[in-house]
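A.B. asks: Structure for the following, please:
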Amino acid sequence: MKHYIHDTVKLGQNVTIGYFSVIEEGAVIGDNVTIGNNVTIHADTVIGSHVFISDNCVVGRWPRPAKASTVKVEASLPALQIGEGTTLGANTVLYRGSTLGKEVMVGDQASIREKVTIGNNVVVGRGVAVENQVEIGSYTKIQTNAYITAYTTIEERVFIAPTVTTTNDNFMGRTKERFKLVRGPLIKKGARVGGASILLPGITIEEESFIAAGALVNKDTEAAKVYVGVPARTLREVPDREKLENQG
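C.D. replies: Residues are numbered from 1 along each chain as shown. This is a model prediction of the structure:
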């Protein structure tokens, strides 16, 4: 058998499907979609036109958290939706209940959990982990191996460098008090977060903030300031020529 397509699947025109791929019941596939080899598209997933899905992807799977997890799976979790023109790299895993906008690029081996909302023209780099209940604004770039913890909000045109770590739990899994306080960072429009930096739970990175590589940010920043060090401290103003308003 070359591949399996359930009878209820709605296929658009000019859809290419590779060897050993499976498309489950109720899925909707737009026009001019390419699906690679050994891909699983789970039930009810909606894929827009001109989407490219590389080999070995798992698309629209139900979450199955550990018994001790704080994540609760809803029986009515909506289907995964992937906007037109999006590309999924090889071995990516996307969960049910999330929405990807148009022209999104998801790199090889990246993972996007449930209840994630991603805007248009976003880059999610190779090996990036996006946990549940995250919002990512349009034109944001998240580079290789960054970790975006649950309950994080990233606004539009943010730059997240490789291996950035965001956190959401000051109690690291202990005491019942943590359940009402779990919250990831809020990273506002135009902020830039340098490689291997760490953002502690619940902080706000203001608009146009620049977090230097390796910084540990443990409190809210001010807009358009450069932060360096452990813990992060203010170094100087962000130059006007680097601000979004002065970009071409």
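
A.B. asks: Mind listing residues that contact stretch 234-244?
C.D. replies: For stretch 234-244, the external contacting residues (Cβ atoms under 8 Å, 6 or more residues apart in numbering) are 157, 189-190, 208-210, 212, 222, 224-228, 246. Backbone N, C-alpha and C define where each C-beta goes, glycine included.

A.B. asks: let's go with 10 Å and repeat that
C.D. replies: In this structure, residues lying in contact with stretch 234-244 by Cβ atoms under 10 Å, 6 or more residues apart in numbering are 139, 156-157, 189-192, 207-210, 212, 215, 221-229, 246-247.

A.B. asks: Just the buried ones from those residues, in PyMOL syntax?
C.D. replies: Provided next is the PyMOL selection string for whichever of the contacts of stretch 234-244 are buried by 16 or more other Cβ atoms under 10 Å:
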select buried, resi 139+156+157+189+190+191+192+207+208+209+210+212+215+221+224+225+226+227+228
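
A.B. asks: Looking at the contacts of stretch 234-244, which are in helices?
C.D. replies: Secondary structure from DSSP state H places none of the contacts of stretch 234-244 in helices.

A.B. asks: Tell me which of the contacts of stretch 234-244 fall in strands.
C.D. replies: 192, 210, 225-228 (DSSP state E).

A.B. asks: Going by distance to Lys176, which of those wins?
C.D. replies: Proximity of those to Lys176, judged by Cβ to Cβ, is greatest for Tyr227, which lies at 33.2 Å.

A.B. asks: Could you give the bridge partners of the spatially closest residue to that closest one that is not a sequence neighbour?
C.D. replies: With Cβ to Cβ, 6 or more residues apart in numbering as the criterion, Tyr227 has its nearest non-adjacent residue at 5.2 Å, and that residue is Ile211. Applying DSSP bridges to Ile211 yields these beta-bridge partners: Val193, Tyr227.

A.B. asks: from memory Ile211 sits against Val230, does it?
C.D. replies: No: applying Cβ atoms under 10 Å as the test, Ile211 and Val230 come out as separate, 11.8 Å apart.

A.B. asks: which of these two has more neighbours?
C.D. replies: Ile211 (28 against 12; other Cβ atoms under 10 Å).

A.B. asks: neighbours around Gln13, how many?
C.D. replies: Other residues within reach of Gln13 by the criterion other Cβ under 10 Å amount to 9.

A.B. asks: Would you list the phi and psi of it?
C.D. replies: Its backbone dihedrals place Gln13 at phi -90, psi 150, with angles given as degrees, to the nearest 10.
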